[in-house]
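sequence first, predicted coordinates after that:
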Amino acid sequence: MARARVVKESSTSTPGQPADRRRPLHFAAFLLLADAALVALIIAFVPYTKIDWDAYMSQVDAFRQGERDYTKIEGDTGPLVYPAGFLYVYSAIKFLTAGQVFPAQILFGVLYIVNLSLVLLLYVKSEVLPWWALGLLCLSKRVHSIFVLRLFNDCVAMTLLHAAMVLIVYHKWYLGLIIFSGAVSVKMNVLLFAPSLFLLMLKAMSIKGVFVALLGAAGVQVLLGIPFLLSHPVEYISRAFNLGRVFIHFWSVNFKFVPEKLFVSKELAVTLLIFHLSALMVFAHYKWFKHEGGLLRFVHSRFKEATSIEQLISCKPVMSNLSKEHIVTVMFVGNFIGIVCARSLHYQFYSWYFYSLPFLLWRTQFPTVVRIILFVGVERCWNVYPSTTYSSLLLLFLHVFILFGLWSSPAEYPYVDKKDKTNSKKLGKAM
């Protein structure tokens with residue numbers, strides 16, 4: 001009896017032991033299987049919504065027929081406005097599906113599960129959410145629709161972005177930058193993550209390393225764009241990397257309450273850009289570099305600690321091993337700031353930040369009930385079609401409220417201590 005009691009007690013786990021660490025992994029696996037079944041049901045029983053697929057296929061056809069002038073590559077919804085990576089990806093999709101919608105839906109269903117797997121890995125490794133809250137990642141009606149009923153290129157871009165983040169949290173910076181650049185080549189919204197990524201690189205890498213990584217990312221863009229850069233460079237750059245596009249007021253989800261004349265004005269665009277850059281600087285100085293004494297002190301310390309130009313260029317900061325939580329926090333918050341300041345968010349743009357929403361809510365100090373209400377409120381706004389004055393006002397209020405919660409929450413410690421690293425290795429062996 002005594003021996004049986006000892007065995008039973010030794011087989012149970014206390015909080016913080018490997019069994020507790022495995023619970024999120026087990027729940028994540030369950031979510032993947034359940035969501036895969038849900039995606040299959042959606043494809044089988046929910047009618048496909050025709051929006052951009054035919055235009056994508058028309059643009060791919062023009063490219064495959066030899067057209068290299070971006071001003072002449074068009075579809076029924078307008079001219080091509082995405083970088084060259086988009087054409088390569090959708091050319092491959094057309095080759096695999098023969099341009100048919102149903103096999104493309106299956107392909108995007110697989111893409112949905114791959115993307116969800118990458119996001120769940122980020123969440124499990126960063127350990128910010130309780131295990132049950134991972135289920136929120138599977139509850140968006142709009143995001144399921146974006147992936148398997150509309151087949152938008154946003155899905156491909158965000159999957160590549162999340163793949164890059166997984167590499168970066170494991171400190172594979174160079175490969176992560178290559179994949180990040182690939183994501184930008186599919187759709188430029190990924191650049192909203194760029195300021196955060198650059199700041200993280202400054203904290204984790206030498207100046208030489210940052211330069212080489214950025215050079216590699218730029219090389220990807222040049223390599224992908226070569227067919228267009230050699231023949232019609234001005235047309236390619238002006239169309240594929242046009243940062244000044246004005247979207248149609250009717251489709252705006254976040255600023256529908258603004259009169260159309262003000263919506264398309266340069267004054268609103270400049271105001272939002274100033275707020276965007278200011279918010280990034282404030283968060284960088286007071287939150288992301290708080291433990292280094294602020295952004296300016298961090299930059300000054302890089303110069304102060306170096307005894308020579310060679311050391312300044314080649315040596316990493318004294319503290320450079322960033323924690324997974326810090327990397328994911330800075331990336332997600334930086335992108336969310338861009339979302340808050342975006343002049344127009346179309347329905348497919350929800351995929352740009354939905355998968356960061358539970359993480360952001362749990363980085364605030366709001367009660368759990370408030371977090372759930374905010375999550376449901378944002379999802380509700382994105383499912384109002386067409387958007388209204390009230391739904392867009394509510395969405396903006398919710399965004400600003402979440403941003404305030406992020407600002408008022410304490411900054412996480414950004415580095416992995418040697419002690420934590422040793423414990424992590426021991427835990428990995430035990431598991």
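Sure, I can see it.

only C-alpha atoms for contact and neighbour calcs from this point on.
Noted.

correct me if wrong: residue 275 contacts residue 343.
No. Between residue 275 and residue 343 there is no contact under CA atoms under 8 Å: 11.5 Å.

those two: which has the busier surroundings?
The neighbour comparison of residue 275 against residue 343 (other CA atoms under 10 Å) goes to residue 343, with 23 against 15.

tell me if that one really is in a helix.
No. Counting by DSSP: H, G, I helix; E, B strand; the rest coil, residue 343 falls outside a helix, being coil.

quick one: distance of the lengthiest helix in the chain to the chain centre.
Of all segments of type helix in the chain, defined using DSSP state H, the longest is helix 18-45. Here helix 18-45 is found 21 Å from its chain centre; the criterion is CA atoms, centre = their mean, to the nearest Å.

next helix or strand past it?
helix 53-64 (DSSP states H and E).

just the CA trace of that following helix, in CSV.
Coordinates of the C-alpha atoms in helix 53-64 are reproduced here as CSV (Å, rounded to 0.1, in the frame of the first residue of the first chain):
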residue,chain,number,x,y,z
TRP,A,53,-9.7,35.0,-58.0
ASP,A,54,-10.6,35.7,-61.6
ALA,A,55,-8.5,38.8,-61.6
TYR,A,56,-5.6,36.9,-60.1
MET,A,57,-5.8,34.3,-62.8
SER,A,58,-6.0,36.9,-65.6
GLN,A,59,-2.9,38.6,-64.2
VAL,A,60,-1.1,35.3,-64.1
ASP,A,61,-2.1,34.5,-67.6
ALA,A,62,-0.7,37.8,-68.9
PHE,A,63,2.6,37.1,-67.0
ARG,A,64,2.8,33.6,-68.4
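
what residues of it count as buried?
Buried residues in helix 53-64, defined by neighbour count with 16 or more other CA atoms under 10 Å: 53, 54, 55, 56, 57, 58, 59, 60, 61, 62, 63.

what's the answer for stretch 226-236, then?
227, 228, 229, 233, 235, 236.

my read: the third one touches residue 236, true?
Yes. Using CA under 8 Å as the test, residue 229 is close enough to residue 236 to be in contact (6.7 Å).

who does the longest helix of the chain touch, helix- and strand-wise?
Contact partners of helix 18-45 among helices and strands, from 3 or more CA pairs under 8 Å, 6 or more residues apart in numbering; DSSP states H and E: helix 101-126, helix 141-148.

which helices and strands sit right next to the helix or strand just after the last one?
I take that to be helix 141-148. For helix 141-148, the following helix or strand on the C-terminal side (DSSP H and E) is helix 153-169. Other elements packing on helix 153-169 under the criterion 3+ CA pairs under 8 Å, 6+ apart are helix 101-126, helix 173-186, helix 324-340.

apply 10 Å and report the result again.
Packed against helix 153-169 by the contact rule (3 or more CA pairs under 10 Å, 6 or more residues apart in numbering; DSSP states H and E) you find helix 84-97, helix 101-126, helix 141-148, helix 173-186, helix 194-204, helix 324-340.

want to throw these into JSON lines with distance to residue 396, mean neighbour count and mean pLDDT?
Formatted as JSON lines, the helices and strands packed on helix 153-169 follow (distance: least, CA to CA, whole Å; neighbours: other CA atoms under 10 Å; pLDDT from 0 to 100):
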{"stretch": "helix 84-97", "distance to residue 396": "30", "mean neighbour count": "19", "mean pLDDT": "98"}
{"stretch": "helix 101-126", "distance to residue 396": "25", "mean neighbour count": "20", "mean pLDDT": "98"}
{"stretch": "helix 141-148", "distance to residue 396": "18", "mean neighbour count": "21", "mean pLDDT": "97"}
{"stretch": "helix 173-186", "distance to residue 396": "26", "mean neighbour count": "24", "mean pLDDT": "98"}
{"stretch": "helix 194-204", "distance to residue 396": "22", "mean neighbour count": "20", "mean pLDDT": "97"}
{"stretch": "helix 324-340", "distance to residue 396": "7", "mean neighbour count": "22", "mean pLDDT": "98"}
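
closest one to residue 386 among those helices?
Of all those, helix 141-148 sits nearest to residue 386, with 13.2 Å by CA to CA.

that closest one versus helix 153-169: what angle between them?
On the basis of axes from the mean of the first three to the mean of the last three CA atoms, to 10 degrees, helix 141-148 is oriented at 100 degrees to helix 153-169.

list the contacts of the nearest residue to residue 104 once chain neighbours are set aside.
Closest residue to residue 104 apart from its sequence neighbours, by CA to CA, 6 or more residues apart in numbering: residue 97 at 5.8 Å. Contacts here follow CA atoms under 10 Å, 6 or more residues apart in numbering; on that basis residue 97 touches 91, 103, 104, 105, 106, 107.

ok, residue 228 next?
67, 68, 69, 70, 84, 222, 234, 235, 236, 237.

what's the most distant pair in those?
Maximum distance among the contacts of residue 228 (CA to CA): 18.2 Å, for 67 and 222.

surely residue 391 is within a helix?
Yes. Counting by three-state DSSP, residue 391 is part of a helix.

what's the burial count for it?
So residue 391, with other CA under 10 Å, has 24 neighbours.

and the gap between it and residue 361?
20 Å (CA to CA, to the nearest Å).

now residue 204
In terms of CA to CA, residue 204 sits 26 Å off from residue 361.

before we move on, the earlier item: could the contacts of residue 228 go into a markdown table alongside distance to residue 162?
Formatted as a markdown table, the contacts of residue 228 follow (distance: CA to CA, whole Å):
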| residue | distance to residue 162 |
| --- | --- |
| 67 | 32 |
| 68 | 30 |
| 69 | 31 |
| 70 | 28 |
| 84 | 20 |
| 222 | 22 |
| 234 | 31 |
| 235 | 30 |
| 236 | 27 |
| 237 | 26 |
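
what would those look like in JSON lines with secondary structure?
Shown next, in JSON lines, are the contacts of residue 228 (three-state DSSP):
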{"residue": "67", "secondary structure": "coil"}
{"residue": "68", "secondary structure": "coil"}
{"residue": "69", "secondary structure": "coil"}
{"residue": "70", "secondary structure": "helix"}
{"residue": "84", "secondary structure": "helix"}
{"residue": "222", "secondary structure": "helix"}
{"residue": "234", "secondary structure": "helix"}
{"residue": "235", "secondary structure": "helix"}
{"residue": "236", "secondary structure": "helix"}
{"residue": "237", "secondary structure": "helix"}
